[in-house]
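**Q** Following is a predicted model, sequence given first.
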Amino acid sequence: MLKRLSLVEDRYDALLIPYRKNADRIMLGMNCFLLLVCFGLAPLRDTWLAVAAIGLPTLALGASLVMVSAGRLVTRIFMACAFMAFTGLIIHQTGGDIEGHFSAFGLIGVLLYYRDWRTIFAATVFIYLHHLVLGFAQTRGVAIYVFDSDLFWSTLAIHIAYFLPFVVMMGYLSIWLRREAYEAQHVIELAGQIMRGDLMKTPEMSISSLETPLISAVVSMRDRLLDLMRVLPVPAVIVRMDTHAVVAVNRSWESQCAGIPDEHTPFGDCPVWPTATVWQDLLAAMQARSGRILDKVEVTMVRRDGTQALCELSLILLEEAEPVMAIVTAEDITQRRQTEQAMRRLAFSDMLTDLPNRASLQHELEAAFLRFKSVGDPFAVLMMDLDGFKPINDSLGHDAGDEALQIIAQRIRHINRSDDFAARLGGDEFVVLLPNCGSVNEAGVVAQRFVKAISTPIRLDRVGEVVNIGVSVGVAHCDQGAATAEEILRQADGALYRAKHSGRGTVAAHDPAFAGRSVAEPLERVPAG
């Protein structure tokens, strides 16, 4: 039994050296304190010689052992016996009145400092031999004062009877406390390692030590945190903010991002950044927000294959402990942005001509009308309908008609000024919004340009034919009394209706004087050409 316990203790001796070195220093300090107590009690019974003869050499030898071999078993045993020697000296100085209680106090001190059953055993043997030898000498008239009674053997027997179970309990507790001390020491080291960001390092402990419940729990917690980060679907990295060193990356980062950062390369210098200032710019943006989270900032990063990607980056600072850590995640949104642009194009563009569609026109028209009402920016609307387009569809087919519409759309783009907005309503109808247009006559001049450009003969490569297509234009201006943007569009449509019935290639303008009459009423004509 004792041999097995000794083997177990031998294993823990090597693992608990840092803890027990510290315990030796604490015990040395405690012995210094007890020596001062002994000197304080010396005048009571004139025990100066005993204090000097026992206390000073004991303390000097203990200090030498702590300096030379702190943490070793021989030092622990000596320091435990020295502690009991000082308690025995205090018992002598007080006439033996506190013998039982002070002996117990001494063993509790040894237990708490060392948590080693061998030191408990050595201290117990020492105090028993002390009581046996010096207590017997007391009964022969020597002024030593171990017991406060002259009945030596019966007092010693009573002392052993009530003290021995206490010693056994101390030994048992030392075994359990020793294990807890070992676990606590390594749990603190592991926690510090995690807080420093050294997540990837394997703790330097034996397999059996890693299996102890508390250490196993901390290691499992660390491993689970790493596992959670590894399986994140987006690239993630943990950065120490004091050194900007990378302490952990997940699999997505390793597989998707350029270069695998390490603890020797500052994160800002990693090849994942297209320029050297990106990381610093992100930190400056976080400081400007006075927060601990920078959420979904779009930055350009470099993929593993060297191509650049638009990424949505989030940065979270963990400021609860030192050093401060940052968790950085980056999601490649290049494909998403391309998809969004394609969907926007589908929603707001005409697929045949690639001009904006009716929905885009409605948005721009509402914005122009709002600017007119709020700041007085004038605008006009041209509504155009092709002349002679239907026979092309009927005689040459829809492919020829589609090609003709695409060519006309190109001509409209070419005539458009930089601020003009052209859209296809559908079929052979087009609308042009003219911002900064001061009058209906100015709009009529622009309309004439469209009539001239569109009326130029068109060569259709698909069918090898040249066709002539004209256009009629209706003009409406924002200062002609319309109450809504939609009403301006209706005014332009009414003017177009008149233009179509007035002849091919005609431009007609809306006249507010006829607002209460039929749109077919004759209005001023603006002939083409």
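**A** Alright, I've got the coordinates. Keep in mind the model is a prediction, meaning the values are calculated, not measured. Numbers count the residues shown, from 1 in each chain.

**Q** which stretches of the stretch 251-400 of the chain have low pLDDT?
**A** For the stretch 251-400 of the chain, residues meeting the criterion pLDDT under 70 lie at 291, 321.

**Q** Please enumerate the strands of it.
**A** Counting by DSSP state E, counting those that start in this stretch, the stretch 251-400 of the chain has strands at residues 293-302, 308-318, 325-332, 379-387.

**Q** Residues contacting the second one, please?
**A** Just to be clear, that refers to strand 308-318. Residues external to strand 308-318 that are found in contact with it (CB atoms under 8 Å, 6 or more residues apart in numbering): 241, 274, 282, 286, 292-303, 324-334, 337. All C-beta atoms are positioned from the backbone trio N, CA, C, and that covers glycine.

**Q** what does the shortest one give?
**A** Contacts of strand 325-332 with the rest of the structure, by CB under 8 Å, 6+ apart, involve 197, 232, 234-241, 247, 253, 256-257, 267, 299, 301, 303, 309-318.

**Q** Put the buried members of those into a PyMOL selection.
**A** Buried residues within these, by 16 or more other CB atoms under 10 Å, are selected in PyMOL with:
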select buried, resi 197+234+235+236+237+238+239+240+241+247+253+256+257+267+299+301+309+310+311+312+313+314+315+316+317
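
**Q** Within the helices and strands, which one has Phe39?
**A** Assessed by DSSP states H and E, Phe39 sits inside helix 17-45.

**Q** Same check on Ala476?
**A** Counting by DSSP H and E, Ala476 is part of strand 470-477.

**Q** State the mean pLDDT of the very next helix or strand once past that strand.
**A** Going down the chain from strand 470-477, the next helix or strand is helix 485-502, by DSSP H and E. For helix 485-502, mean pLDDT is 92.

**Q** Buried residues in helix 485-502, which are they?
**A** Per 16+ other CB under 10 Å, helix 485-502 contains these buried residues: 485, 488-500, 502.

**Q** Gln406: which of the residues you listed is nearest?
**A** Leu496 (22.1 Å; CB to CB).

**Q** nearest residue to that closest one other than its sequence neighbours?
**A** Excluding the flanking residues, the one nearest Leu496 by CB to CB, 6 or more residues apart in numbering is Gly474, at 2.9 Å.

**Q** can you check Ala63 too?
**A** Nearest to Ala63 is Leu28, by CB to CB, 6+ apart, at 6.0 Å.

**Q** was I right about the one you found contacting Val66?
**A** Yes. In this structure, Leu28 is within contact of Val66 by CB atoms under 8 Å, at 5.0 Å.

**Q** Give the intersection of the neighbour lists for the two.
**A** Joint contacts of Leu28 and Val66 (CB under 8 Å, 6+ apart) are Met79.

**Q** What's the PyMOL line that selects buried ones from the contacts of strand 308-318?
**A** Buried subset of the contacts of strand 308-318, written as a PyMOL selection, criterion 16+ other CB under 10 Å:
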select buried, resi 241+282+286+294+299+301+302+325+326+327+328+329+330+331+332+333
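
**Q** Enumerate every residue touching Phe372.
**A** Here Phe372 is in contact with Pro378, Phe379, Cys478 (criterion: CB under 8 Å, 6+ apart).

**Q** Distance of it relative to Ala423?
**A** 19 Å (CB to CB, to the nearest Å).

**Q** ok, now which ones touch Met286?
**A** Counted by CB under 8 Å, 6+ apart, Met286 has contacts Arg292, Leu294, Leu315, Leu317.

**Q** which one among those gets closest to Leu89?
**A** Taking the contacts of Met286 together and measuring to Leu89 by CB to CB, the closest member is Leu317, at 57.8 Å.

**Q** partners of that closest one in the sheet?
**A** Here Leu317 sits in beta bridges with Ala326, as judged by DSSP bridges.

**Q** got the contact list for Arg417?
**A** Contacts of Arg417 (CB under 8 Å, 6+ apart): Leu434, Val446.

**Q** wouldn't Ile392 be in contact with Gly470 here?
**A** No. The pair formed by Ile392 and Gly470 falls short of the contact definition of CB under 8 Å, at 11.9 Å.

**Q** These two: which is more packed in?
**A** Neighbour count, other CB atoms under 10 Å: between Ile392 and Gly470, Ile392 has more, with 24 against 17.

**Q** any idea how far that one lies from Leu496?
**A** Counting by CB to CB, the gap from Ile392 to Leu496 is 20 Å.

**Q** So Ala422 belongs to a strand, correct?
**A** Yes. Ala422: assigned to a strand according to DSSP: H, G, I helix; E, B strand; the rest coil.

**Q** Kindly provide the distance from it to Ile408.
**A** For Ala422 relative to Ile408 (CB to CB), the value is 11 Å.

**Q** out of those two, which sits in the busier spot?
**A** Ile408 (24 against 21).

**Q** what helix or strand is that one on?
**A** Counting by DSSP H and E, Ile408 is found in helix 398-415.

**Q** List of residues touching that helix?
**A** Helix 398-415 has contacts (CB under 8 Å, 6+ apart) with 352-355, 386, 389, 392-393, 422, 424, 428, 430, 432, 449-450, 453-454, 456, 458, 460-463, 465, 467, 469.

**Q** Let me see the domain layout of this protein.
**A** 2-187, 232-336, 349-527 (automatic domain parsing).

**Q** With distance to Ala342 as new columns, can the ones you listed be given to me in JSON lines?
**A** Putting the domains of the chain into JSON lines (distance: least, CB to CB, whole Å) gives the following:
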{"stretch": "domain 2-187", "distance to Ala342": "55"}
{"stretch": "domain 232-336", "distance to Ala342": "10"}
{"stretch": "domain 349-527", "distance to Ala342": "10"}
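
**Q** before we move on, back to that, pull the number of nearby residues for the residue nearest to Ala63.
**A** There are 21 residues near Leu28, going by other CB under 10 Å.
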